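Student: I would like to see how this sequence folds:
(one chain, ligands or ions: 1)
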Amino acid sequence: MAASARIESLIARMTVEEKVGQLGVFADMVRPFAPDVNPEANVRNADEVLAQVRAGRVGSLFNGVGAELGRRIQQVAVEESRLGIPVALAADVIHGMRTVFPIPLGEAASFEPALAERTARATAVEATAAGLHWTYAPAVDIARDQRWGRGAEGAGEDVVLGCAFAAARVRGFQGDDLTAHDALLATPKHFAAYGAVAAGMEYASVDIAPQTLRDVHLPPFQAAFAAGAISVMSAFNDINGVPASANRGLLTGILREEWGFDGVVISDYTADMELVAHGYAEDDRDATKKAFLAGLDLSMQSGFYAAHLPALVESGEVPMAALDEGVRRMLVLKERIGLLDDPYRSLDPEREADTGHLADHEALARDAARRSIVLLKNDDAVLPLKKREQRIALVGPFARDRENIEGCWTLFGDRSRYEPLEDGVRAALGEAAASLVVVPGCDLEAPVEGGIEAAVAAARDADVVVLALGEPQRYSGEAQSRIDIGLPPAQEALAEAVAATGTPVVVVLRNGRALALTGAVRDAQAILVTWYLGTRTGSAVADVLFGDYNPSARLPVSFPQATGQQPYFYNHPRTGRPELPTMSEFKARWREIPNEPLYPFGYGLSYTRFEYDAPRLGTTRLGWDDTLEIVTTVRNVGDVDGEEVVQLYIHDRVASRVRPVRELKAFEKVAIAAGGEVEVRFALHRDALAFTDADGVRRAEPGLFDLWVCANAKSGEPVSFELLASGVSAAP
Ligand code: NOJ
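Tutor: Numbers count the residues shown, from 1 in each chain. Reported below is the predicted structural model:
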């Protein structure tokens with residue numbers, strides 16, 4: 001890779017220690033967000049960190065915040081170190097900085113990538129004002145097993161949805177000029193197949209067909225790179241026996257040689273060190289050598305590169321040219337984000353103090369939050385609630401909660417602005433709030449004395465109960481795999497008791513994954529899925545409860561009937577023994593339940609109803625190089641305006657490898673006025689029909705396809721078309 005003259009001149013002047021220094025990423029103990037998060041792993045105090053910066057031993061610091069002290073770090077780097085190379089300041093800024101937006105999984109439920117682009121932009125504005133250049137986001141892992149806790153950080157189980165959100169978030173974080181003071185460098189992660197860990201257990205191994213890797217788990221990374229990402233984080237897991245962080249086939253073969261990626265690969269936290277625990281490296285030195293030679297440019301937090309690369313270069317086991325190439329990539333990255341020209345970019349205390357953007361970001365947080373809420377059930381139109389002449393009991397451990405608003409991975413949220421559910425409901429009710437009764441009923445995970453009695457009494461006196469239940473937020477995120485994706489028993493007991501009063505119940509769920517709903521929760525009159533919605537939680541939920549916003553989100557993950565169905569994903573391959581309506585013995589099903597989800601991927605209701613005409617195809621004989629035009633009329637046949645997520649699925653009837661029962665290929669959210677209709681148009685090219693074949697070649701195969709334009713992964717009637725072989729005329 002050729003770099004600018006100034007970078008080549010720097011490399012020519014650097015000692016081996018300074019080169020290795022550029023590849024080191026360490027906790028920012030100069031401006032830490034919390035006291036030693038991991039004292040075992042090389043965390044040092046501010047003076048030591050600054051001394052290392054002065055000595056040219058630090059390329060990048062992470063998870064500190066603050067413009068003033070950021071300037072101090074940069075001053076030491078630029079004015080007091082021998083070569084004056086600025087430090088890149090990074091952090092985990094995942095779904096908001098001070099203003100917190102919905103967790104990424106929740107926001108994916110909006111099916112509006114443009115919304116994710118806007119919230120990522122707002123996040124970038126706040127993060128760069130707080131002295132950051134670089135975020136370790138977006139997480140683009142496809143999560144097909146809901147036991148895994150990190151599904152909360154991604155966009156769910158589907159690859160097309162995942163690609164759209166990956167690209168949107170990269171565009172939002174970075175803006176259109178990487179050197180701008182408010183551009184936040186994005187880092188898609190975790191490369192790769194982290195979401196495919198066996199049994200959904202965090203950090204477990206990944207045993208995966210190369211075709212599944214390529215067709216499901218890699219595309220969101222490609223989408224992120226196409227959108228402009230120039231760094232990527234390696235995953236903790238192994239892939240078919242080779243840890244991702246020392247996987248040359250992945251980090252060099254696929255990433256650089258096949259895709260031409262010219263950015264930087266950063267390790268996940270101590271992932272190089274973990275090669276020893278994996279049993280893939282003999283010792284620390286061997287781990288360093290294997291990781292670096294595989295293509296892992298930056299070492300996060302282990303200190304392994306600093307400790308072992310110089311000797312490895314000295315012995316010739318790591319060629320100096322390889323070290324130079326890693327350093328070159330890091331310096332090019334710094335140049336591309338404008339640091340070499342302006343080391344003090346994004347370190348402006350005045351900008352940090354300026355709250356001029358806050359009102360806009362708060363409004364966006366509320367809109368993003370309500371657009372992420374999925375209405376799963378609404379029997380007898382119990383929702384929307386009335387603001388007058390309806391006695392409402394707000395029951396449940398999340399009614400007043402302030403501790404489970406931000407969801408996983410919020411390091412820097414401004415907690416003083418978090419809005420509990422009760423506050424939002426009270427504000428919506430105005431004067432009528434005087435009659436609102438609020439009863440927690442139980443704690444998040446345990447009963448409280450007299451709790452159920454108080455809740456039952458409140459339910460008896462009410463016309464409707466809003467029952468705020470869910471997972472504590474620490475049940476999702478890193479290292480939070482679950483064996484049972486149901487609600488804590490204390491909450492289920494509360495739900496049973498409240499439901500037994502006969503008062504209609506609206507369950508408002510807080511969750512970081514798809515849940516297996518049972519009993520009174522499953523059978524409630526209405527169910528809203530609200531994930532963790534961030535700063536404006538209360539108002540956003542109230543907007544939906546009272547119909548000030550008509551819900552428009554759809555599930556980005558299938559809700560199973562039981563945990564034992566996991567991994568469950570709608571686009572599973574066909575079986576030779578599908579379950580039939582007339583016969584279930586000796587068919588692919590569970591003993592206890594049919595193999596259907598409780599609520600499928602793409603599902604969600606509105607306060608209005610939509611009807612679809614059959615899709616009209618431009619042709620039923622698609623030429624090899626032609627584009628298939630698809631038009632469907634969608635009508636709002638209800639009484640209120642609404643938004644529908646129109647989804648296009650295909651199915652390849654016969655292929656050289658067993659194909660999924662359905663695959664999402666396109667989607668569009670459209671607003672339709674009550675009584676109105678819109679024509680929704682899609683265009684499909686052969687590429688959308690392709691898959692990786694037995695030889696590892698991605699290609700479409702001629703033949704018959706089914707196509708649905710419909711409301712979710714289980715609805716609609718298919719039409720069919722034929723993809724003609726290359727050279728066959730499309731004329732009938
Ligand atoms: C470990 C997590 O897996 C990763 O997502 C994160 O960016 C790093 N820690 C740094 O905090």
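
Student: any low-confidence regions in the chain?
Tutor: Counting by pLDDT under 70, the chain shows low-confidence ranges at 34-44, 732.

Student: Get me the contact residues on it for the ligand.
Tutor: Contact residues, the chain versus the ligand (Cβ under 6 Å from any ligand atom): 92, 136, 189, 268-269, 478. Any C-beta I mention is one placed from the backbone N, CA and C, and that applies to glycine too.

Student: who's in contact with the residue nearest in space to the middle of the chain?
Tutor: Centroid-nearest residue in the chain, with Cα atoms, centre = their mean: Gly154, separated by 1.7 Å. Under the criterion of Cβ atoms under 8 Å, 6 or more residues apart in numbering, the neighbours of Gly154 are 104-105, 108, 138-143, 162, 195.

Student: So the residue of the stretch 501-650 of the chain found nearest the ligand, which state does it fall into?
Tutor: Of all residues in the stretch 501-650 of the chain, Gly512 sits closest to the ligand, at 14.8 Å by Cβ to the nearest ligand atom. Secondary structure, DSSP: H, G, I helix; E, B strand; the rest coil: Gly512 is coil.

Student: I'd assumed Glu471 was in contact with it.
Tutor: Yes: Gly512 lies in contact with Glu471 (Cβ atoms under 8 Å); the separation is 6.1 Å.

Student: Save the contacts of Gly154 as CSV, and put in neighbour count, secondary structure and distance to Leu218 too.
Tutor: Output for the contacts of Gly154, formatted as CSV (neighbours: other Cβ atoms under 10 Å; DSSP: H, G, I helix; E, B strand; the rest coil; distance: Cβ to Cβ, whole Å):
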residue, neighbour count, secondary structure, distance to Leu218
Pro104, 31, helix, 19
Leu105, 31, helix, 20
Ala108, 30, helix, 18
Pro138, 30, coil, 15
Ala139, 29, strand, 15
Val140, 33, coil, 10
Asp141, 28, coil, 11
Ile142, 26, coil, 10
Ala143, 31, coil, 15
Gly162, 28, helix, 11
Gly195, 29, helix, 12
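
Student: circling back to that earlier point, for burial, what's the neighbour tally of the closest residue in space to the residue of the stretch 501-650 of the chain closest to the ligand that isn't next to it in sequence?
Tutor: Spatially, and ignoring its direct neighbours in sequence, Gly512 is nearest to Ser476 (2.5 Å; Cβ to Cβ, 6 or more residues apart in numbering). Neighbourhood size, Ser476 [other Cβ atoms under 10 Å]: 27.

Student: same check, this time on Arg426
Tutor: Neighbour count for Arg426, taken as other Cβ under 10 Å: 18.

Student: Assign a three-state SS to it, would you?
Tutor: Put simply, Arg426 is helix when judged by three-state DSSP.

Student: Distance of it relative to Ala433?
Tutor: 4 Å (Cβ to Cβ, to the nearest Å).

Student: ditto for Ile142
Tutor: For Ile142, the distance to Ala433 - Cβ to Cβ - is 43 Å.

Student: Equivalent analysis for Pro578, please.
Tutor: Distance from Pro578 to Ala433, counting by Cβ to Cβ: 52 Å.

Student: again with Gly249
Tutor: Taking Cβ to Cβ, one finds Gly249 at 61 Å from Ala433.

Student: tell me which residues of stretch 217-228 are tucked away?
Tutor: Neighbour-count burial for stretch 217-228, with 16 or more other Cβ atoms under 10 Å as criterion, is recorded at 217-225, 227-228.

Student: got a markdown table for the residues you listed, with distance to Leu83 and secondary structure too?
Tutor: Listed next are the buried residues of stretch 217-228 as a markdown table, based on distance: Cβ to Cβ, whole Å; DSSP: H, G, I helix; E, B strand; the rest coil:
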| residue | distance to Leu83 | secondary structure |
| --- | --- | --- |
| His217 | 39 | helix |
| Leu218 | 37 | coil |
| Pro219 | 40 | helix |
| Pro220 | 37 | helix |
| Phe221 | 33 | helix |
| Gln222 | 35 | helix |
| Ala223 | 36 | helix |
| Ala224 | 32 | helix |
| Phe225 | 30 | helix |
| Ala227 | 33 | coil |
| Gly228 | 28 | coil |
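
Student: Nearest to Gly338 among these?
Tutor: Nearest to Gly338 among the buried residues of stretch 217-228: Gly228, at 14.5 Å, using Cβ to Cβ.

Student: isn't that closest one right up against Arg169?
Tutor: No: using Cβ under 8 Å, Gly228 is not in contact with Arg169, being 11.1 Å away.

Student: residues shared between the contacts of the two?
Tutor: Residues touching both Gly228 and Arg169 (Cβ under 8 Å, 6+ apart) are Ala186.

Student: number of nearby residues for Ala731?
Tutor: Other residues within reach of Ala731, judged by other Cβ under 10 Å, total 6.

Student: domain ranges for this structure?
Tutor: 370-560, 610-723 (automatic domain parsing).

Student: For Leu61, pull up the helix or strand it's in.
Tutor: Using DSSP states H and E, Leu61 sits in strand 60-62.

Student: how about the following helix or strand past that strand: buried residues?
Tutor: Going down the chain from strand 60-62, the next helix or strand is helix 67-75, by DSSP H and E. Residues 67, 69-75 are the ones in helix 67-75 that count as buried (16+ other Cβ under 10 Å).

Student: Also stretch 659-673?
Tutor: Residues 659-670, 672 are the ones in stretch 659-673 that count as buried (16+ other Cβ under 10 Å).

Student: Correct me if wrong: Thr179 contacts Glu335.
Tutor: No: in this structure, Thr179 is not within contact of Glu335 by Cβ under 8 Å, at 9.1 Å.

Student: Mutual contacts of these two, please.
Tutor: Joint contacts of Thr179 and Glu335 (Cβ under 8 Å, 6+ apart) are Asp341.
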